[in-house]
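Asker: Can you look at this prediction? I've put the sequence above it.
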Amino acid sequence: MLKAFQRDLHLNSKVKKLEKDSFHPVFFELAMAYRLKTSALPDGNVCLCAEDQAAIGDFTLQVAGNLVACECSRLTFGPAEEVQFKILDLVYDYIADFAKTRPGKRLIRIKLTEPLTPQVYNPRLLVRLKKAINQFDRTSKRGGTSDQTIEVQVEALSPDSEKIPFEYKDGRVIDALGTSWTAALSIGDIVGHTEREVAEMYRQGIKMEPEEHTRVLVEFPRAESDYDPYKRLRQRINDKVKQTKLSEKYFGKLIFIECPFDLRGADHERIQRIAEAELRQSSNTIGIFLCKREGNPHYRHHYSMIGHLNNSAARALPCLGPVIERFQVFDTKLDPITGEPYVLTRTEASNQAAKHAENG
């Protein structure tokens, strides 16, 4: 992504923010700018905006002589809860990495009676996790360890093991079994298929059911927040719609919002109603895109998306439609690092290798 903007006048200001305390917001801005830039070529281009209060948007799309301001934002929890869920992701990453190096079927229960904080996570929780998993692996019997506020148990995962109690209902995640768990994760692999086969299934939209090898159940005191993601989403969209005042040189603006929840299980009809209601209230908002960064079969990352365009704006600027269409499917068709189509056959790989050899 940085290479794509190496000649952009404002890349340096973005990098400075990446190096400090704004990594995730700026990473999202660059990811969206890179994908839109690749999707706009050769008919259009994308330029980054300066990191100052006078800037209009985070980057600008130019297509058919028209300027479109692009605004990025992240849908977060409350400040304290946001920290908790970032740490929870670190816990999941640690367990997933452990499972790669030490395969096995494990059910891991983690219970905390104090808030999940950086100080609790490292070293206390990590020490307990490692000790409990090693004890289980060594004896093949239930392993467990605890201190005053942390308890970790590891046992064999079987068809009779405790289930993940969460499910989507009425657009919200609920505990259908009435347990005390705060969060849960299932980790698995697609058995019986090569990486290439999984990638092709993914591109064709074939539903894949990974074979679960690790199940994680976590309980911790959750910071107070508004748990309705759709209420928070509507407020965030409304804030971004009203935030940027455009001058006459801009045709309109696009809004990109990074979401913490799974878009596949979300209530798409409700999201559509929210987006359409906000678009009707804005004369210059061209489109709204919800994005979720997640892993894919290529062991890299892509963004799944839900997009809604203002139909009137799309008709007034017809060249924008194809750009947005390419933008929305970019990650599933092209390698996000090379920008080239994914290689599926040996012939394609040989041709691509020969082309790279010619270019030095």
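Answerer: Cool, the structure landed.

Asker: can we go C-alpha only for contacts and neighbour counts from here?
Answerer: Noted.

Asker: mind listing what the residue nearest to residue 245 when sequence neighbours are not counted touches?
Answerer: Leaving aside its chain neighbours, residue 245 sits nearest to residue 56 (8.0 Å; criterion: CA to CA, 6 or more residues apart in numbering). Remark: with contacts taken as CA atoms under 8 Å, 6 or more residues apart in numbering, residue 56 is in contact with 49, 69, 244-246.

Asker: Please identify, among those residues, the one with the most neighbours.
Answerer: Within these, neighbour counts (other CA atoms under 10 Å) peak at residue 69, which reaches 25 neighbours.

Asker: Pull stretch 132-150 out as PDB, backbone CA atoms only.
Answerer: Listed in PDB are the C-alpha atoms of stretch 132-150, where the atom choice follows Å, rounded to 0.1, in the frame of the first residue of the first chain:
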ATOM      1  CA  ALA A 132      -2.600 -25.000  31.300                       C
ATOM      2  CA  ILE A 133      -2.200 -26.000  27.600                       C
ATOM      3  CA  ASN A 134       1.200 -27.600  28.300                       C
ATOM      4  CA  GLN A 135      -0.200 -29.500  31.300                       C
ATOM      5  CA  PHE A 136      -3.100 -30.800  29.100                       C
ATOM      6  CA  ASP A 137      -0.700 -31.700  26.300                       C
ATOM      7  CA  ARG A 138       1.700 -33.500  28.600                       C
ATOM      8  CA  THR A 139      -0.900 -35.600  30.500                       C
ATOM      9  CA  SER A 140      -3.900 -35.800  28.000                       C
ATOM     10  CA  LYS A 141      -6.000 -34.900  31.000                       C
ATOM     11  CA  ARG A 142      -7.700 -31.700  32.000                       C
ATOM     12  CA  GLY A 143      -5.200 -29.000  32.700                       C
ATOM     13  CA  GLY A 144      -5.900 -26.000  34.900                       C
ATOM     14  CA  THR A 145      -4.200 -23.100  36.600                       C
ATOM     15  CA  SER A 146      -5.400 -20.000  38.400                       C
ATOM     16  CA  ASP A 147      -4.400 -17.100  40.500                       C
ATOM     17  CA  GLN A 148      -6.500 -14.600  42.500                       C
ATOM     18  CA  THR A 149      -8.600 -13.400  39.500                       C
ATOM     19  CA  ILE A 150      -7.700 -15.600  36.500                       C
END
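
Asker: Would you map the helices across the stretch 151-300 of the chain?
Answerer: Under the criterion DSSP state H, counting those that start in this stretch, the stretch 151-300 of the chain contains helices at 195-203, 229-243, 268-280.

Asker: Which neighbouring elements make contact with the longest helix along the chain?
Answerer: Longest helix in the chain, counting residues (DSSP state H): helix 79-101. When contacts are defined as 3 or more CA pairs under 8 Å, 6 or more residues apart in numbering; DSSP states H and E, helix 79-101 sits against none of the other helices and strands.

Asker: so how far is that helix from its chain's centroid?
Answerer: Here helix 79-101 shows a centroid-to-chain-centroid distance of 14 Å under the convention CA atoms, centre = their mean, to the nearest Å.

Asker: Mind splitting this structure into its structural domains?
Answerer: Taking automatic domain parsing as the criterion, the chain consists of the domains 3-76+227-333, 79-219.

Asker: can I get those in TSV with mean pLDDT?
Answerer: Output for those, formatted as TSV (pLDDT from 0 to 100):
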stretch	mean pLDDT
domain 3-76+227-333	85
domain 79-219	87
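
Asker: which one of those lies closest to residue 346?
Answerer: domain 79-219 (11.1 Å; CA to CA).

Asker: Next, the distance between the ends of the closest one.
Answerer: Its first and final residues considered, domain 79-219 spans 19 Å by CA to CA, to the nearest Å.
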